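Student: From the sequence below, what's the structure:
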Amino acid sequence: MKLKDILSKNGYEVADEAQNGQEAFEKYQATKPDLVTMDITMPEVDGIQALKMIREADANAKVIMCSAMGQQGMVMDAIRAGAVDFIVKPFDTDRVIKAIDKALS
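Tutor: All right, here's what the predicted structure looks like:
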C-alpha cells in the first residue's frame, strides 16, 4: 500500500507531494505542513540533503524518513540530520501510524 493511501485512510490530510528533494524543500516552504514524510532516495537532491535544507529553514520541522531495507547507514545519517523517525518499505500501516502519532505529539 502506498504511504499516501495509508495516511488518507487514517484521517491525515496529504498537503502535497514532491518528485525530488529540491521540490520537497520548495513545497515545504510554501505549505509549512505539520509533518513531512520523505524518501531517502530521490533524484537531483536526495532526501537527507532535503531534510537538512528543511531543518535549516525551520528548526522545528518534523520529518519522518522512508527507506528500503538495507539502508540502515543512511537512516542513521537522517536521524543525525534531524529526522524524528523513520519507516521502512514495504510500509506497515501500524508502524506508519505509530511513527506519525509520536512525531506529532
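
Student: Would you mark the buried spots in stretch 91-103?
Tutor: Residues of stretch 91-103 classed as buried by neighbour count (16 or more other Cβ atoms under 10 Å): Phe91, Val96, Ile97, Ala99, Ile100, Ala103. For the C-beta atoms, the positions are set from N, CA and C on the backbone; glycine is no exception.

Student: could I get the residues you listed as CSV with distance to Glu17, secondary structure and pLDDT?
Tutor: Output for those, formatted as CSV (distance: Cβ to Cβ, whole Å; DSSP: H, G, I helix; E, B strand; the rest coil; pLDDT from 0 to 100):
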residue, distance to Glu17, secondary structure, pLDDT
Phe91, 15, coil, 94
Val96, 16, helix, 96
Ile97, 19, helix, 96
Ala99, 18, helix, 96
Ile100, 16, helix, 96
Ala103, 18, helix, 95
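
Student: now the residues you listed in CSV, with distance to Leu35?
Tutor: Formatted as CSV, the buried residues of stretch 91-103 follow (distance: Cβ to Cβ, whole Å):
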residue, distance to Leu35
Phe91, 15
Val96, 11
Ile97, 12
Ala99, 9
Ile100, 6
Ala103, 6
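
Student: Mind picking out the helix or strand in this structure with the poorest mean pLDDT?
Tutor: Lowest mean confidence among the helices and strands of the chain (mean pLDDT, DSSP states H and E): helix 72-80, at a mean of 87.

Student: list the buried ones in it?
Tutor: Judged by neighbour count (16+ other Cβ under 10 Å), helix 72-80 contains these buried residues: Met74, Val75, Asp77, Ala78.
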